[in-house]
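Peer 1: Need the 3D shape of this:
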Amino acid sequence: MAMDNDQAMVAAYKAVPLERVRNIGIMAHIDAGKTTTSERILFYTGKTHKIGETHDGASAMDFNEQEQKRGITIYSAATTCIWKDYRINLIDTPGHVDFTAEVERSLRVLDGAVCVLDGKNGVEPQTETVWRQADKYNVPRIVFVNKLDATGADYEMSVASIKERLGANGVAIAYPVGISQTLLGLIDLVEMKAWLWDHDPKKSEQMAPKIVDLDDPALADFQHDVEQAKVYHQVMIETLANNDDTLMEKVLMEEAPTVEEIKAAIRKQVIAVKVFPTIPGSAYKNKGVQYVLDAVRDYLPSPLDVPAPVAHTKDGGDVVISVDPKAPFVALAFKLTTDQFGTLCFFRVYSGTIKSGSYVYNVRKGTKERVSRLELVNADSHENITEAKAGEIAAAVGFQSTRTGDTLVGDDDPKVELESIKFQEAVISEAIEPVKKGDQDKMASLLVKFTEEDPTFHYYTDAETGQGIIAGVGELQLDVNVTRLKNDFGIETRVGAPQVAYRETIQTAAECEGKYIKQSGGHGQYGHVVFKMEPNPGKGNEVTEAITGGAIPKEFIKPSIDGLNDAFNRGMVAGYPVVDVKATLVFGSYHDVDSSEAAYKLASAEALKAAAKKCSPVILEPIVKAEITCPLDYVGTVMGDVSSRRGMVEGMVQKANAQLITAKIPLSNMFGYISDLRAMTQGRGIYTMEFSNYQKVPSSVQDEIIKKRG
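Peer 2: Next up, the predicted model:
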């Protein structure tokens, strides 16, 4: 019977035409209520019959054991549901900064998003991060101001914060009826009707809202909200009119636009990413979610409404991809998950149709992949499907070499490649080893699989120490993967203190000579190079040659350049990779008999040693941008602590009874910061951080680093 239900459900999804499909994500700052909102969406669309709560560890979308224990979203979860004959493919993304890769790849393949704000705080630090990620991919958004049932909630402040902190055109299309404990519903500013829910959340869980006119007796105690709604209605019309000639003409003629005209203007401007409709509510108290679903249906784009993606051919040409199930197949792999049953590859189909049992071609790898099985994923349950068409998100079982960001095309179709996905660099690392020696190979194999799932997580063996190293963008990310080894695969590990990913560079230009001459009675070794080394800030390493007069034979030029690049990876002063150096091979010499490729590689390494003496080398350290929110009573203590960590305060903004401090701080001084911050603020301080840039370390710190490495 369950199989029959699954097949009926898949048939219902397939019956929805492409113009009524919405591929959306839920994104926000941590703890703004993304997963709670997703749970309500599943409930109201009939996908679940009981609401699961995040704080109870029972949400359908946070089905992973670690997510339930930690009370946060770690992995983006996908599901599909139906709302009023529209199919919504929904991805709930993490809010914690350590897992922004999940947000990045989800936004890359989505057509729209719902950004959830905490109504007490408005736009928060991580909101800005995910908003910028959505800006990068030009994703249309609507905004749900959540938690308006909480003490201190402020809808008007939250709407204003969209413009103040994001520089975005947030436009209220609904206004709350009541606030905090009196929150009763919302006023639809498009139709100027009130949506009212029962005060008892358990009753409203089962009830559709009651829609009434603004003069209804139920609003007698909320006349201030009715008047404010009229003001915000006018603001909405004027904002929309700025980008819509039809509305502008009506405004100038002092005529009221129709509901259809307003909706058409909102939809057009949302798809053009010019306005961001804002909706009030409380997901936990079951108020406002149905209105959000209507807004998803009415204003967010279908796959047919967004600009067609552009792919690249091998010869550098551009091809516009047609969103047509009958066109050649083109898809982008955006996520891999691994469990004890194998690897599942999520992909977005941009064009054509793929069938279970067929073959696809991985353009980056140049390999064929067999689609053993196709699945429609609903959180932790999977439903087998026979095909996936343009505009759909699906998952495949059986891929061997496909990784995140790879383009898949039909085996016999033109070989075009979509823009891949770029991720943040790793800035923190730990040494790792299994408690049982016999688990070494299994641990290494699993960690390699984890790197395939998460492009910001890395595992490698240190060439000098032989230690296994895991690296990533934050402590929580590393801890989650270590815990996963233990809980999911039974491998206990020991991890060392986090190590910072320092870099080295030079400050002054000089000509640096390197010689490798070895005579041993018989055939010797001879290599001699001169490189002009120059600082190349922000541009990476550039190694070129400008040899004249045959000072070095042509066959030894490439080994010389390769030798320097290899030496860059080994470092100059403390063994950290060298970056931002422009090196030009300008001179050298050779021996008719003794010169060899190996000798010139070693000579180039000697040239870098000379640069360590002549070019004022420095160590660079990763700097993070930290956003710290603390009560006003503790601002002085927190500021003093930031200074003690060699941090530079860049800005301070007061929000209600809290202070938001923005600072740049060396990553090396941020380990364990959350514990210190909580101790300083009696548990009331929070912070987020993200990598900002590399910066020269003070000379005293450099001496200390060299001493430790020595």
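Peer 1: Specify the local secondary structure of Ser445.
Peer 2: Ser445 falls in the helix class when you classify it by DSSP: H, G, I helix; E, B strand; the rest coil.
Peer 1: Strands along the stretch 201-350 of the chain, start to end?
Peer 2: Counting by DSSP state E, counting those that start in this stretch, the stretch 201-350 of the chain forms strands over residues 210-212, 276-280, 310-312, 318-320, 330-339, 342-351, given from the N-terminal end onward.
Peer 1: The stretch 51-200 of the chain now?
Peer 2: Here the stretch 51-200 of the chain has its strands, by DSSP E, counting those that start in this stretch, at 77-83, 86-92, 112-118, 141-146, 170-172, 174-177, 185-188, 193-196.
Peer 1: Switch the ones you listed over to CSV; also include distance to Pro577, mean pLDDT and mean neighbour count.
Peer 2: C-beta here means a position set from N, CA and C on the backbone, and glycine is covered the same way. Written out in CSV, the entries for those read as follows (distance: least, Cβ to Cβ, whole Å; pLDDT from 0 to 100; neighbours: other Cβ atoms under 10 Å):
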stretch, distance to Pro577, mean pLDDT, mean neighbour count
strand 77-83, 36, 78, 22
strand 86-92, 35, 84, 25
strand 112-118, 36, 93, 26
strand 141-146, 38, 96, 29
strand 170-172, 43, 96, 27
strand 174-177, 52, 97, 27
strand 185-188, 54, 96, 26
strand 193-196, 57, 96, 22
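Peer 1: Out of these, which is closest to Val235?
Peer 2: Distances from Val235 to each of these were compared using Cβ to Cβ; the shortest belongs to strand 170-172, at 7.3 Å.
Peer 1: residues near Ser700, how many?
Peer 2: Residues contacting Ser700 under the criterion other Cβ atoms under 10 Å number 7.
Peer 1: The nearest residue to Val416 once chain neighbours are set aside: how many residues sit nearby?
Peer 2: Nearest non-adjacent residue to Val416, counting by Cβ to Cβ, 6 or more residues apart in numbering: Ala311, 3.8 Å away. Neighbourhood size, Ala311 [other Cβ under 10 Å]: 23.
Peer 1: give me the beta-bridge partners of Ala311?
Peer 2: For Ala311, the beta-bridge assignment (DSSP bridges) gives partners Val319, Leu418.
Peer 1: Pipe the strands of the stretch 51-200 of the chain into TSV and attach distance to Val330 per row.
Peer 2: As requested, these are exported to TSV (distance: least, Cβ to Cβ, whole Å):
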stretch	distance to Val330
strand 77-83	20
strand 86-92	18
strand 112-118	21
strand 141-146	25
strand 170-172	35
strand 174-177	38
strand 185-188	40
strand 193-196	42
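Peer 1: Out of the ones you listed, which is closest to Asp225?
Peer 2: strand 174-177 (5.3 Å).
Peer 1: Just the CA coordinates for that closest one, please, in PDB.
Peer 2: Taking C-alpha atoms only, strand 174-177 is exported to PDB below (Å, rounded to 0.1, in the frame of the first residue of the first chain):
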ATOM      1  CA  ALA A 174       1.500  42.400   4.800                       C
ATOM      2  CA  TYR A 175       1.300  44.000   8.200                       C
ATOM      3  CA  PRO A 176       0.900  42.200  11.600                       C
ATOM      4  CA  VAL A 177      -2.300  42.300  13.600                       C
END
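Peer 1: Could you list every helix and strand that that strand packs against?
Peer 2: Helices and strands touching strand 174-177, by 3 or more Cβ pairs under 8 Å, 6 or more residues apart in numbering; DSSP states H and E, are strand 185-188, strand 193-196, helix 223-241, strand 276-280.
Peer 1: Indicate which one of those is closest to Ala603.
Peer 2: Comparison of the helices and strands packed on strand 174-177 against Ala603 by Cβ to Cβ identifies strand 276-280 as nearest, at 59.1 Å.
Peer 1: Which other helices and strands does that closest one contact?
Peer 2: In terms of contact count using 3+ Cβ pairs under 8 Å, 6+ apart, strand 276-280 is assigned the packing partners strand 141-146, helix 155-166, strand 170-172, strand 174-177, helix 259-271, helix 289-299.
Peer 1: For these, give me a markdown table that also has distance to Lys368.
Peer 2: Formatted as a markdown table, the helices and strands packed on strand 276-280 follow (distance: least, Cβ to Cβ, whole Å):
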| stretch | distance to Lys368 |
| --- | --- |
| strand 141-146 | 38 |
| helix 155-166 | 44 |
| strand 170-172 | 47 |
| strand 174-177 | 51 |
| helix 259-271 | 37 |
| helix 289-299 | 38 |
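Peer 1: Buried deepest among those, which one?
Peer 2: Per-residue neighbour counts averaged over each of these give the maximum for strand 141-146, namely a mean of 29 (mean count of other Cβ atoms under 10 Å).
Peer 1: Now tell me what touches that strand from outside.
Peer 2: 32-33, 36-37, 112-119, 122, 131, 134, 155, 158-159, 162, 170, 270, 273, 276-283, 288, 292, 295-296, 299-300 (Cβ atoms under 8 Å, 6 or more residues apart in numbering).
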